[in-house]
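In: Any chance you can model this:
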Amino acid sequence: MSESKRGRNGGHPGGTGAVLGVRLLRYSGVQGTTLVISNVIQLASIAVVANFLGPAELGRYALLLFLAGLMAQIEVLLVKPGTIRRTFGGGDDEDDDDDEGEEKDVSSSPQRSLGTGLAWAFVLGLIGTAIVVWQRDPLADLLLGSSDDANLIIWAGLLSGFWLVFKVADIVIWLERRPTAFLLADSSRPLLVLAAMIAVLAAGGDVESAIIATTAGTALAAAFAVLLLRGSFEPSFDLHEVWQIILRGRYRAPIIMSFWTIQNADIFLLSRFVDDADLGIYHLASRIGMVVAFLPQGFRMSLRPLRKAAIFKAVREEYGQREQRGQLLGYFTLLCVFAVLAMVVGGAVLVDVAPSSYGAAAPLIPFTAAAFVMPSFYRGINQNVTIPHKRATFISGCVLAVLIFAGVIAWLAPEIGAYAAPVGMLAGFGIPGAYMFLRCQLGKKPIAFPYWEILRAILLAAAIGVGFHALPPMNVWIELVVALAALALYLVLLFVFRVIPENHWRPLMHMAQSAVRGSVIHDLNPRAGLRSLGRMERRRLRRAVTTGLSAEELRDGQGAVLVEYLRRVGERAGVPDVAEPTEFDADIALFLFERAPTAVRNATMRRLLSAGASSNELRALEELAHHLARAPRDAWHGKRKREAPRRRLRR
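Out: Sure, this is the predicted structure:
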């Protein structure tokens, strides 16, 4: 990647860009772990259905999931984007625009808005389920070819309602920056579904049993996710707030539905041209190909809450928007290349463990892997380019992608079968994505994109992929080891061929070390900082950073005093540029110490930045407070770190 200009180091080698990288590593680690767990478990569920019921029934099960997902996604338009905007001021996983008009979107009572949003999701789920039950006969005839299967449609309707509530609660937990809770919530649904699936199918169940198990697991996961949000919302159902939620989410409709259609309607569209057995084979190949999409998707979702944090603003101030966006898009593109390569060398291994009737899925997997990376790649381009009328261009591109996708399937599916779906997805997102990127680079505000480095990365990936497939047939476990070795070799070659330039090596090394040791502040010595305070001062600060304080407790100058303690600790602990008090310290205390949901503290941060507070200082103080919250008890007592006793050498 290109050389970054130097600026304030933000207490970390490599500047605030490296600090953002540490945060991104942490969040990506959580997202990656969650997505891997979820996708692997979902893949296991598909494998269970495939093994017990066969390709044809797997195709019918996939169509039922399509119906449930479609209903849930239509309902999502009326609740999820608006609830997130009213609660957090934008930033849900579907939000691809810059933060235009963010302030006017935010509710004056985020907790009440969130409570109303969750209640509205439940009510909307009931309404959607009632509509599906009412129209079950024509839906069964359209989807499954016979109205005799109307009972299956009823279960798909119930699944859509529970799925909606889970989607809303799950993304709120993530945006509250609660990684452990998110990991538990997001993994609970596929895990519960898999457990129920194994139980009913092992007992001799059919496709109806499979959809019932999916519904039961989703219902339990939705209840668990809402339970994890207790304290973050006020129980409420305000009709005026419901209307505000609907209004704030209305412009997301073409974006959300376009992405969902391309990523999920492939099953329905292909069902018009291929039989159930081929549909089941494609479903397996697409679910395997989708596994690697977690890498770019995790990167993008990890960045979403960070875009609302002070560190993101600090990076922009230090490096400039052109450099910031170019580097982010460069590394994001590199991650997409690695994801596709991972499935090119590893996809066949996964097919080998499936029944032999699914052998035709192997050559499909590289195509589906590349296809399912494209939605995140298109969004990544949109988030980082600067062009006139970007929102309108992005939305138009989404609609165009759907038309291209559907047109390619209708045109090519009779000729090439299931391959038409990934080809349509590649063309659908590739054409508008290329247009947005070229328009940016040929315009007045191009980004600093690392062209030659990415070209070398693509050529290296192609060479390794071709070399791997040129190897003779081998045992599946040996093939797995060789695939992992090929991926490791690719990572090494990225450094050898300077795809990742030398000036990035040291910051990347420190990023990895910081992510492991738990602090992005270089050479932090919290014990020395805490010894600069008196016993009662340490006690008051410890309560503020560990349990938080109410807004009332932080008023009347008490909050500013706590910030002064924190600045003193930071100065002695080795945190640069935090020692001097400012006129904003009373509000900074609310941002750092208030016992309130993340949405409330984010609103405080936005007020501070609008008033002229330093984003880099807010970032440093926030990181210091988080680190002190994990400090051992003896450090708060002013004690030095104990050294390990030295052993006497025996002669």
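In: who does the helix or strand in which residue 186 is found touch, helix- and strand-wise?
Out: Using DSSP states H and E, residue 186 sits in helix 179-202. Helices and strands touching helix 179-202, by 3 or more CB pairs under 8 Å, 6 or more residues apart in numbering; DSSP states H and E, are helix 15-76, helix 150-175, helix 207-228. For glycine as for every other residue, the C-beta is placed from the backbone atoms N, C-alpha and C.
In: so where's the stretch 351-500 of the chain uncertain?
Out: Within the stretch 351-500 of the chain, the stretches with pLDDT under 70 are 351-360.
In: Please, where are all the helices along it?
Out: Taking DSSP state H, counting those that start in this stretch to define them, one finds helices in the stretch 351-500 of the chain at 365-384, 390-416, 420-441, 451-469, 476-496.
In: same question, the stretch 501-650 of the chain
Out: In the stretch 501-650 of the chain, the segments counted as helices under DSSP H, counting those that start in this stretch are 502-517, 526-530, 535-546, 551-554, 558-573, 585-593, 598-611, 615-629, 633-636.
In: Could you give the number of residues near residue 253?
Out: Using other CB atoms under 10 Å, the number of residues around residue 253 comes to 15.
In: give me every residue that touches it.
Out: The contact partners of residue 253, by CB atoms under 8 Å, 6 or more residues apart in numbering, come to residue 77.
In: list the buried ones in the helix or strand harbouring it?
Out: Assigned by DSSP H and E, residue 253 belongs to helix 253-264. Across helix 253-264, burial judged by 16 or more other CB atoms under 10 Å covers 255-264.
In: With stretch 207-220 instead?
Out: 207-220.
In: Please apply the same query to stretch 175-193.
Out: Within stretch 175-193, the residues that qualify as buried are 175-179, 182-193, counting by 16+ other CB under 10 Å.
In: ditto for stretch 122-138
Out: By neighbour count on 16+ other CB under 10 Å, the buried set for stretch 122-138 is 122, 124-125, 128-129, 132, 136.
In: Buried residues, whichever strand or helix holds residue 85. List them.
Out: Here residue 85 sits within helix 80-88, counting by DSSP H and E. Buried positions in helix 80-88, judged by neighbour count with 16+ other CB under 10 Å: 80-88.
In: Would you reformat the buried residues of stretch 207-220 as a markdown table and include distance to residue 430 and pLDDT?
Out: Shown next, in a markdown table, are these (distance: CB to CB, whole Å; pLDDT from 0 to 100):
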| residue | distance to residue 430 | pLDDT |
| --- | --- | --- |
| 207 | 36 | 83 |
| 208 | 40 | 86 |
| 209 | 40 | 87 |
| 210 | 35 | 87 |
| 211 | 35 | 89 |
| 212 | 40 | 91 |
| 213 | 38 | 90 |
| 214 | 33 | 91 |
| 215 | 36 | 93 |
| 216 | 40 | 92 |
| 217 | 36 | 92 |
| 218 | 33 | 93 |
| 219 | 39 | 94 |
| 220 | 40 | 95 |
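In: Hmm, residue 292 is touching residue 337, no?
Out: No. Residue 292 lies out of contact with residue 337 (CB atoms under 8 Å); the separation is 10.9 Å.
In: Looking at those two, which one has more neighbours?
Out: The neighbour comparison of residue 292 against residue 337 (other CB under 10 Å) goes to residue 292, with 26 against 21.
In: Contacts for stretch 64-79 next, please.
Out: Identification of contacts with stretch 64-79 by CB under 8 Å, 6+ apart yields 117, 120-121, 124-125, 128, 131-132, 139, 143-144, 152-153, 155-157, 159-161, 163-164, 167-168, 207, 211, 214, 245-246, 249-250, 252-253, 256-257, 260, 264-265, 267-268.
In: any idea of the mean pLDDT for it?
Out: For stretch 64-79, mean pLDDT is 87.
In: now could you export just the CA positions of that stretch as CSV?
Out: Extracted as CSV, the C-alpha positions of stretch 64-79 are listed here (Å, rounded to 0.1, in the frame of the first residue of the first chain):
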residue,chain,number,x,y,z
LEU,A,64,-39.2,-22.2,2.5
LEU,A,65,-36.2,-20.3,3.9
PHE,A,66,-36.5,-18.0,0.9
LEU,A,67,-40.1,-17.2,1.7
ALA,A,68,-39.4,-16.6,5.4
GLY,A,69,-36.4,-14.5,4.6
LEU,A,70,-38.4,-12.4,2.0
MET,A,71,-41.2,-11.7,4.5
ALA,A,72,-38.7,-10.8,7.2
GLN,A,73,-36.8,-8.5,4.9
ILE,A,74,-39.9,-6.7,3.8
GLU,A,75,-40.8,-6.1,7.4
VAL,A,76,-37.2,-5.1,8.1
LEU,A,77,-37.7,-2.0,5.9
LEU,A,78,-40.4,-0.7,8.2
VAL,A,79,-38.5,-1.1,11.5
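In: how far is that stretch from where the chain is centred?
Out: For stretch 64-79, the gap between its own C-alpha mean and the chain's C-alpha mean amounts to 20 Å (CA atoms, centre = their mean, to the nearest Å).
In: heads up, I number from 16, so please use that
Out: Renumbered: residue one is now 16, and that last one reads stretch 79-94.
In: Can you list the neighbours in contact with the helix holding residue 201?
Out: The set of residues external to helix 194-217 that reach it, using CB under 8 Å, 6+ apart, is 41-42, 45, 48-49, 52-53, 56-57, 59-60, 63-64, 67-68, 181, 184-185, 188-189, 224-225, 227-229, 231-233, 235-237, 239-240, 243.
In: Name the residues of stretch 488-501 that are buried.
Out: Neighbour counts over stretch 488-501 (16+ other CB under 10 Å) mark 494-495, 497-498, 501 as buried.
In: Quick check, residue 505 in contact with residue 473.
Out: No. Counting by CB under 8 Å, residue 505 stays clear of residue 473, with 11.3 Å between them.
In: between the two, which one's more packed in?
Out: The neighbour comparison of residue 505 against residue 473 (other CB under 10 Å) goes to residue 505, with 21 against 15.
In: OK, contacts around the more buried one?
Out: Going by CB under 8 Å, 6+ apart, the list of residues near residue 505 reads 353, 356, 475-476, 479.
In: Out of the helices of the stretch 366-515 of the chain, which is the most enclosed?
Out: Greatest average neighbour count among those goes to helix 380-399 (a mean of 24), per mean count of other CB atoms under 10 Å.
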